[in-house]
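Engineer: Please work out how this folds:
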Amino acid sequence: MELSVVVPTLNGRERLATCLDALATHAPDAEVVVVNGPSADGTTGMVRERDDVDVLVEVSDRKLDVARNAGLSVATGDAVALVGDDTEIEASWADGVREALATADAVTGPVHRSVRAGVTTESPERRTIDGHEVTYFDGSNVAFTREAIDATDGFDEYLATGGARDCAHRLATNDCEVAWSSDVCVIRDDGDDGDDDRDWGWKYRALAYRLVKTYGPRPGIFRRVVRDAAADATGSAADVIRGDQTLSEWLGNGKRVVANAAAGSKDGVIARFRDRSATRNPNGVSARADRAVERYDWRTESTPAEQ
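Structural biologist: Just a heads-up that it's a prediction; the model follows:
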C-alpha cells in the first residue's frame, strides 16, 4: 500500500519541523505533502531546504479545509493520511495505518496530549444518527483509502470549523467504515495555554449546516441543535454566576448562536440541493482547481508552477 501524508501548516515553522522529523523517522517510505500558507515565518524556506518532503503546495486561503483539499488533490498514494503540524507520529503509526486500511475505509486513533499535568489520551467518539453510526475523528490524525476520499470528495470548504466532523457524517452515510486503532497514535504538544476562546457563532453555524446538509431539515435535527445550545447556555450561565463572564456577554453569545444556527440551516438546505448525490459536498476537492498559488514538486524535480 502506497501511503501519502498531507501536513497542512500556517505560521508553524518550528512545530512543523518537529512533525516532519517524526515522519522521516517513523514513516520514511511515505510520500510527504506539505500545504503551507499563507505563512509569514519562513516556513517555505525551511521546507525547501529539507530532502524528506516530496511536494510543497502554497495556498493563499487560511481555511484549514482548503489546505486539506489542496493536499488531497496532489497526493498520489492509494491511502492518504492527514497529520497536524503540531503532532508527532509514534513508531507504530505507519504500520497501524496500513494494517487498518487493509479492511476499513478510514482509520483514526488516539491523540496523546502533552499538558502541564501530564498526558491525556482521546478515546473513540461514536454516535448513531438517522440509523448511521458516526465515528468522529481528529482531523490531525486520520487516514483514508482513495475510495473513501472519492466517496466524500474530501472536506467541505464552506466550513471554517468542524470540517472533520462533517466528513465523519458523510463517511457514515456512504457506509464507509472508520476504524479505531490504538497503534495509529500521535503526540500533540498543547503547551501551557489551556484557554478555550470558542467562536460560539461558528460552532452552531457549522453544526446546523452539516446536519441539515447531510440529513435534511428534519425536526430531529433542529432538536439536536437546540439541545446542544441549551446545554452550552447553561454552562455559560454558571460562568456569569461565578463572575467569569458578564450578563451582556452571555446574551451576546446567545444572539450569535441563534443567528448563526439559522444561517447554517439555510446554507445547509442550499448545499443539499446543490449536491443531491450521496457525497453531499458541493465545496469539495473537485469543486475547484485554483487553490495552489505555487507548487514545488520534487517528485519530478519541477520548477515552481503557478496554478
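Engineer: okay, CA-based contacts and neighbour counts for the rest of this
Structural biologist: Noted.
Engineer: Return the distance of the longest helix seen in the chain from the chain's centre.
Structural biologist: Secondary structure of the chain per DSSP state H: the longest helix is helix 247-274. Relative to the chain's own centre, helix 247-274 is displaced by 21 Å; criterion: CA atoms, centre = their mean, to the nearest Å.
Engineer: buried ones in stretch 143-151?
Structural biologist: Residues of stretch 143-151 classed as buried by neighbour count (16 or more other CA atoms under 10 Å): 143-146, 148-149, 151.
Engineer: What of stretch 293-303?
Structural biologist: So stretch 293-303, judged by 16+ other CA under 10 Å, has buried residues 293-298.
Engineer: Out of the residues you listed, which sit inside strands?
Structural biologist: 293-297 (DSSP state E).
Engineer: number of nearby residues for the residue lying closest to F137 once chain neighbours are set aside?
Structural biologist: Among residues not flanking F137 along the chain, T108 sits closest, at 6.1 Å (CA to CA, 6 or more residues apart in numbering). By the criterion of other CA atoms under 10 Å, T108 has 29 neighbours.
Engineer: Show me what T108 bridges to in the sheet.
Structural biologist: V142, W180 (DSSP bridges).
Engineer: and it, what does it touch?
Structural biologist: 137-138, 141-143, 178-181, 184 (CA atoms under 8 Å, 6 or more residues apart in numbering).
Engineer: Drop anything exposed from those residues.
Structural biologist: 137-138, 141-143, 178-181, 184.
Engineer: okay, those residues in CSV with pLDDT and distance to K255 next?
Structural biologist: Compiled in CSV, these are given as follows (pLDDT from 0 to 100; distance: CA to CA, whole Å):
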residue, pLDDT, distance to K255
F137, 96, 30
D138, 95, 29
N141, 97, 34
V142, 98, 35
A143, 98, 38
V178, 97, 36
A179, 97, 38
W180, 96, 38
S181, 97, 41
V184, 97, 40
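Engineer: Contacts for stretch 27-44, please.
Structural biologist: 2-13, 52-62, 67-68, 70-71, 74-77, 93-94.
Engineer: returning to what we had before: closest one to T161 out of the buried ones among the contacts of T108, please.
Structural biologist: Closest approach to T161 among the buried ones among the contacts of T108 (CA to CA): D138, at 12.1 Å.
Engineer: Assign a three-state SS to the closest residue to the closest one other than its chain neighbours, would you?
Structural biologist: The shortest distance from D138 to any non-neighbouring residue, by CA to CA, 6+ apart, is to A164 (6.7 Å). What DSSP: H, G, I helix; E, B strand; the rest coil gives for A164 is helix.
Engineer: so what's A164 up against?
Structural biologist: 136-139, 155.
Engineer: how about a cut-off of 7 Å?
Structural biologist: For A164, the contacting residues are 137-139, by CA atoms under 7 Å, 6 or more residues apart in numbering.
Engineer: Same question for A160.
Structural biologist: Contact analysis of A160 by CA under 7 Å, 6+ apart lists K63.
Engineer: and it, what helix or strand is that in?
Structural biologist: Using DSSP states H and E, A160 sits within no helix or strand.
Engineer: Distance of it relative to A206?
Structural biologist: To A206, A160 is 8 Å away according to CA to CA, to the nearest Å.
Engineer: Give me the phi and psi angles of the residue lying farthest from the centre of the chain.
Structural biologist: Most distant from the centre of the chain: I241, at 34.7 Å, with distances by CA atoms, centre = their mean. For I241, the backbone dihedrals (degrees, to the nearest 10) come out as phi -60, psi -40.
Engineer: contacting residues for R15?
Structural biologist: When contacts are counted by CA under 7 Å, 6+ apart, R15 touches 85-86.
Engineer: State the helix or strand in which it lies.
Structural biologist: With DSSP H and E as criterion, R15 is part of helix 13-26.
Engineer: Please give the centre-to-centre distance between that helix and its chain.
Structural biologist: Distance, centroid of helix 13-26 to centroid of chain: 19 Å (CA atoms, centre = their mean).
Engineer: Give the buried residues for that helix.
Structural biologist: Residues of helix 13-26 classed as buried: 13, 15-17, 19-24, 26 (neighbour count, 16+ other CA under 10 Å).
Engineer: which among those gets closest to G254?
Structural biologist: Looking across these and measuring by CA to CA, the closest to G254 is R15, at 35.9 Å.
Engineer: who touches stretch 225-236?
Structural biologist: Counting by CA under 7 Å, 6+ apart, 208, 250 sit against stretch 225-236.
Engineer: Pull the residues that contact stretch 71-91.
Structural biologist: Defining contact as CA under 7 Å, 6+ apart, one finds that stretch 71-91 is touched by 1-9, 15-16, 19, 22-23, 26, 33, 35, 139-146, 185-189, 285.
Engineer: D153 touches V285, doesn't it?
Structural biologist: Yes. Here D153 reaches V285: they are 5.5 Å apart, a contact under CA atoms under 7 Å.
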